[in-house]
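Q: Got a predicted structure plus its sequence, pasted below:
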Amino acid sequence: MNRTTIIATVCVTVLLGTFVSAVHAADNATITGKIIFKGDPDGDAVKRAKINTNKDPNCAKAKKAIGTESVILNKKDDPITIRNVIVSVKEGLGDKTFPAKTDAVVMDQVGCQYVPHVLAIQKTQKITVHNGDTTNHNIHFLPKVNQEMNFSQPKQGMTKDISLTTEEPFRVKCDVHPWMGAHIAVFDHPFFDVTDKDGTFTIKGLPAGSYVIEAWHETFGTLTANVTVGDGETKTSDITFVVK
């Protein structure tokens, strides 16, 4: 009897290991690309304005020169790329569900600006809001579906953990410093990324399939692209915003 039990246990372990490997093998496709800017990189539509922070001497002291963040181009790139674009899977996942991300993301306040300016998270993923400045900040979440939040962090080093439960994008503002603004997007799934200094995005761990991916920018709006990616394949799909 003991020998039979041992053999059965080994068989179950082998089968389970094979099943887990098969699941991981089926969810290893990648979509990557660049968000490209086409237009006049020095035109009025994309010009960054200097922000006067003298209303709060602590802000002026922390960072003497800050600019608007509604459009930030990576002008040294060829082609020119765009920062702060959220790229996500819009269609193609069907009714599949995915485990929530367990790592916390940080939304900081540095030099009287939100860092990062654009944040994407999966629902229930923890956001840690941190005050890195020596001045008082007010954090005002303005969602339409999730719970509205409005709280202060008067001292440097203060933190507050937040969890959001419903998919939606929304704006964040500071009622103390009117130039401070950020955007948060909450997704049902983990397949999203935000472009940074290189203007690229990478969405990993996808099941093989055909997808519609969406690129969202706070000034330029949204664009979509159709991408079909196979098991274990990496597919490149650049998206271009044409600004006149």
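A: That came through fine.
Q: in what helix or strand does the residue nearest the centre of the chain lie?
A: Geometric centre of the chain, nearest residue: A120, 2.7 Å, by Cα atoms, centre = their mean. Using DSSP states H and E, A120 sits within strand 118-122.
Q: V212 now?
A: V212 belongs to strand 209-217, assigned by DSSP H and E.
Q: before we move on, the earlier item: by contact count, what packs against the next helix or strand along the chain from the strand holding A120?
A: Using DSSP H and E, the helix or strand that follows strand 118-122 in sequence is strand 126-131. Under the contact definition 3 or more Cβ pairs under 8 Å, 6 or more residues apart in numbering; DSSP states H and E, strand 126-131 sits against strand 105-110, strand 149-153, strand 159-163. No exception for glycine: its C-beta is placed from N, CA and C like everyone else's.
Q: So in that sheet, which strands flank the strand holding V212, and in what orientation?
A: The sheet places strand 209-217 alongside strand 86-91 (antiparallel), strand 221-229 (antiparallel), with pairing taken from DSSP bridges.
Q: any idea which of the ones you listed is most buried?
A: When you average the neighbours per residue for each of the strands paired with strand 209-217 (mean count of other Cβ atoms under 10 Å), strand 86-91 leads with a mean of 20.
Q: if we can go back for a sec, what's the angle between the strand holding A120 and strand 159-163?
A: 50 degrees (axes from the mean of the first three to the mean of the last three Cα atoms, to 10 degrees).
Q: and strand 118-122, which strands flank it?
A: strand 181-187 (parallel).
Q: Could you give the separation of the partner strand from the chain centroid?
A: 8 Å (Cα atoms, centre = their mean, to the nearest Å).
Q: One more: stretch 77-85?
A: On Cα atoms, centre = their mean, the centre of stretch 77-85 falls 16 Å from that of its chain.
Q: Can you list the low-confidence ranges for the chain?
A: Residue ranges of the chain with pLDDT under 70: 1-26.
Q: So T240 versus G39, what's the distance?
A: 10 Å (Cβ to Cβ, to the nearest Å).
Q: any idea how far the residue nearest to the centre of the chain lies from D103?
A: Taking Cβ to Cβ as the criterion, A120 is separated from D103 by 13 Å.
Q: The strand holding A120 vs strand 126-131, what angle?
A: Going by the same axes, to 10 degrees, strand 118-122 makes 150 degrees with strand 126-131.
Q: Check what contacts strand 118-122 and list those residues.
A: Applying Cβ atoms under 8 Å, 6 or more residues apart in numbering, the contact partners of strand 118-122 are 84-86, 88, 98, 100-101, 105, 107, 127, 164, 182-190, 192-194, 218.
Q: Now with 6 Å, please.
A: 84, 86, 100-101, 105, 107, 183-187, 190, 192, 194 (Cβ atoms under 6 Å, 6 or more residues apart in numbering).
Q: and if you look at stretch 68-85?
A: Stretch 68-85 has contacts (Cβ under 6 Å, 6+ apart) with 34-37, 41, 46, 48-49, 117-118, 195, 199, 215, 217-219.
Q: run the last query once more with 8 Å
A: Outside stretch 68-85, the residues that touch it by Cβ under 8 Å, 6+ apart are 34-38, 41, 45-46, 48-49, 51, 113, 116-118, 179, 181, 183, 194-201, 215-220, 241.
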